[in-house]
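**Q** have a look at this prediction, sequence included:
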Amino acid sequence: MTTKSNSETTVATHYWHDLGDGRIQCDLCPRFCKLHDGQRGLCFVRQNQDQQIVLTSYGRSSGFAIDPIEKKPLNHFYPGSSVFSFGTAGCNLACKFCQNWDISKSRQMDSIMSIAGPEMIAQKAAELGCLSVAYTYNDPVIFHEYAIDTAIACRELGIKSVAVSAGYVCPEPRAEFYQYMDAANIDLKAFTERFYHNITGSHLAAVLDTLCYLQHETSVWLELTTLIIPGENDSPLELEQMTQWVVENLGPDVPMHFTAFHPDWKMLDTPATPIASLLLARDIALKNGVHYAYVGNVHHKQAESTYCHHCGQLLIGRDWYQLSDWNLTPTGACIACGSQCAGHFTETPGNWGAKRMSVDML
């Protein structure tokens with residue numbers, strides 16, 4: 001799929017075209033950066049070198065760790081399992097609230113000095129007993145080739161792949177990318193074009209298109225996350241419109257996570273999210289027919305746990321990332337009424353717990 005250059009960390013890519021005026025256009029995401037020779041796109045890791053777009057971060061990561069799958073967050077994709085997580089530098093969005101800004105906004109390649117190729121990542125994940133590998137911390141859209149090669153290596157070892165993304169990607173590379181993914185958590189950052197344009201430097205329509213594509217044209221397990229930011233995307237009207245759209249266009253079984261903002265990056269003067277705002281968002285989602293709605297970045301056992309959408313039985317108890325109650329049959333049905341819980345489950349829950357473990361690839 002990729003042709004490596006003489007550089008250890010650079011690969012040629014194929015989502016671009018020559019504009020005929022000395023520039024080439026990157027066609028990976030809807031930003032469509034138009035680049036002179038030597039110029040990098042907004043993402044920083046894709047560059048015009050000798051009139052072709054290359055990925056400059058192939059094989060170079062910001063670090064590796066094992067997390068609980070619930071931290072991605074994915075609550076319905078093999079709960080309690082461990083996931084091998086990594087990312088690179090750069091991002092194709094410009095979110096003013098970015099909470100991984102030291103990674104995603106990095107312009108220093110020295111900040112991603114952990115070197116590991118796809119096969120090494122897959123083998124390490126298998127060695128450590130991880131059920132899946134997550135492409136996370138920054139958006140895997142921008143390290144498309146590295147993520148796909150890693151997913152292929154993982155699949156050969158029976159390890160699943162999880163994308164944590166903002167969903168801001170063009171249709172052709174999106175189709176290639178997601179044929180190798182097993183699950184995705186997509187940030188639905190807000191439900192207004194104003195927010196997307198002013199706060200993230202992107203556009204809402206492209207994200208909604210990705211959500212519909214994933215739900216209706218792939219077998220990828222999908223969950224959504226919205227970071228609730230006071231005064232920006234927390235109005236009851238916007239939450240009503242968002243959750244109604246999700247049910248009408250994606251269906252009621254797509255889990256929604258409403259997570260707490262804390263002041264960071266370029267929004268240090270914005271207050272942290274009150275837990276009441278998260279609970280309101282969850283209540284609105286449930287009222288509008290979302291079967292599974294959660295809060296995150298706060299401690300609220302009831303709102304972190306999974307309930308049967310039919311009879312209300314507690315199915316999976318969660319305390320932060322630690323599982324407690326497990327009231328699913330071996331096939332993932334409610335023990336009380338037999339209704340199926342949407343998702344992917346094993347006969348018994350994983351026991352990784354809430355711990356995070358850094359991984360040395362040497």
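**A** Looks like it came in fine. Residues are numbered from 1 along each chain as shown.
**Q** I'd like to know how far residue 284 sits from residue 244.
**A** Computed as Cβ to Cβ, to the nearest Å, the residue 284 to residue 244 distance reads 9 Å. In this view, the C-beta of every residue, glycine as well, is placed from N, C-alpha and C.
**Q** show me which of those two is the more surrounded one.
**A** Neighbour tally, residue 284 and residue 244, criterion other Cβ atoms under 10 Å: the higher count belongs to residue 284, 22 against 17.
**Q** for that one, give me its contacts.
**A** When contacts are counted by Cβ atoms under 8 Å, 6 or more residues apart in numbering, residue 284 touches 236, 239-240, 243.
**Q** buried among those residues? Need that as a selection in PyMOL.
**A** Listed next is the PyMOL selection for buried residues among the contacts of residue 284, using 16 or more other Cβ atoms under 10 Å:
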select buried, resi 239+243
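**Q** tabulate the contacts of residue 284 in TSV, adding columns for secondary structure, distance to residue 296 and pLDDT.
**A** Shown next, in TSV, are the contacts of residue 284 (DSSP: H, G, I helix; E, B strand; the rest coil; distance: Cβ to Cβ, whole Å; pLDDT from 0 to 100):
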residue	secondary structure	distance to residue 296	pLDDT
236	helix	20	98
239	helix	15	98
240	helix	20	98
243	helix	16	99
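**Q** from the contacts of residue 284, pick the one nearest residue 16.
**A** Distance to residue 16 across the contacts of residue 284 (Cβ to Cβ) is lowest for residue 243, with 37.4 Å.
**Q** dump the residue contacts of the closest one.
**A** Shown in contact with residue 243 (Cβ under 8 Å, 6+ apart): 256, 284-285, 288-290.
**Q** and if we set it to 6 Å?
**A** Listed by Cβ atoms under 6 Å, 6 or more residues apart in numbering, the contact set of residue 243 reads 284-285, 288, 290.
**Q** so which of the contacts of residue 284 comes closest to residue 36?
**A** For the contacts of residue 284, the nearest to residue 36 is residue 239 (43.2 Å; Cβ to Cβ).
**Q** just to check, the closest one is in contact with residue 282?
**A** No: in terms of Cβ atoms under 6 Å, residue 239 does not count as a neighbour of residue 282; the distance is 9.5 Å.
**Q** lowest-pLDDT helix or strand in the chain?
**A** The least trusted helix or strand in the chain, going by mean pLDDT, DSSP states H and E, turns out to be strand 3-4, with a mean of 42.
**Q** which other helices and strands contact the helix or strand following it?
**A** Using DSSP states H and E, the next helix or strand after strand 3-4 towards the C-terminus is strand 11-12. Helices and strands touching strand 11-12, by 3 or more Cβ pairs under 6 Å, 6 or more residues apart in numbering; DSSP states H and E: there are none.
**Q** for the record, mean pLDDT for strand 11-12?
**A** Strand 11-12 carries an average pLDDT of 96.
**Q** ok, that strand: who's next to it in the sheet?
**A** Using DSSP bridges, strand 11-12 pairs in its sheet with strand 3-4 (antiparallel), strand 53-55 (antiparallel).
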